[in-house]
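Q: below is the sequence, then the predicted model.
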Amino acid sequence: RAAQFSPFAALTGHEAAILETARLTESFIELDEDRKENLDRQLRIIMENLEKKPECEITYFQPDGKKTGGSYVTICGRIKKIDESEHRIIFTDGKALPMKYLFAIRGELFRNMEY
């Protein structure tokens with residue numbers, strides 16, 4: 001008899017689906033040649049200074065796992081290695097970023113660099 005009064009959940013997961021649809025993502029911004037050259041120059045400077053484990057603030061595009069687009073994320077840390085074979089930047093804390101999604105690099109190394 002108690003079962004007739006239990007809540008009926010015909011739309012289980014419906015609210016989660018609505019929230020997921022409403023969640024906004026950003027489009028990937030294709031970089032122009034000048035921006036790509038600037039990032040390449042910055043990566044070379046980082047490679048020349050790896051023994052110092054330079055601290056950098058890197059903004060990159062993080063693709064969304066569930067829908068088209070993604071978001072731009074900025075992280076800060078000390079760079080341990082640039083893995084050219086895997087095209088990744090590896091930080092001293094173990095984080096690894098794919099270089100193909102780089103958007104901007106900032107840090108003390110680039111203070112006198114023209115953009």
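A: Received, thanks.

Q: how about the helix of greatest length in the chain: buried residues?
A: What stands out as the longest helix in the chain, according to DSSP state H, is helix 33-48. Taking 16 or more other Cβ atoms under 10 Å as the neighbour-count basis, helix 33-48 is seen to contain the buried residues N38, L39, Q42, L43, I46. To be clear about C-beta, it is placed using only N, CA and C from the backbone, and glycine gets the same treatment.

Q: what's opposite the nearest residue to R88 once chain neighbours are set aside in the beta bridge?
A: Spatial nearest neighbour of R88, chain neighbours left out: A96 (4.6 Å); criterion: Cβ to Cβ, 6 or more residues apart in numbering. Legend: beta-bridge partners of A96 under DSSP bridges are I90.

Q: now the helix or strand following the longest helix of the chain - C-alpha only, CSV.
A: Under the assignment DSSP states H and E, the closest C-terminal helix or strand after helix 33-48 is strand 55-63. Extracted in CSV, the C-alpha atoms of strand 55-63 (Å, rounded to 0.1, in the frame of the first residue of the first chain):
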residue,chain,number,x,y,z
GLU,A,55,57.3,30.1,-13.6
CYS,A,56,54.7,30.8,-16.3
GLU,A,57,51.1,31.6,-16.6
ILE,A,58,49.6,29.6,-19.5
THR,A,59,46.2,30.1,-21.0
TYR,A,60,45.0,27.2,-23.2
PHE,A,61,41.8,25.8,-24.7
GLN,A,62,40.4,22.8,-22.9
PRO,A,63,38.0,20.8,-25.1
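
Q: what is strand 55-63 packed up against?
A: Under the contact criterion of 3 or more Cβ pairs under 8 Å, 6 or more residues apart in numbering; DSSP states H and E, the helices and strands touching strand 55-63 comprise strand 70-83, strand 96-98, strand 102-107.

Q: that older thread, any idea how far the residue nearest to R88 is from I79?
A: Summarising the geometry, the distance separating A96 from I79, computed by Cβ to Cβ, to the nearest Å, is 11 Å.
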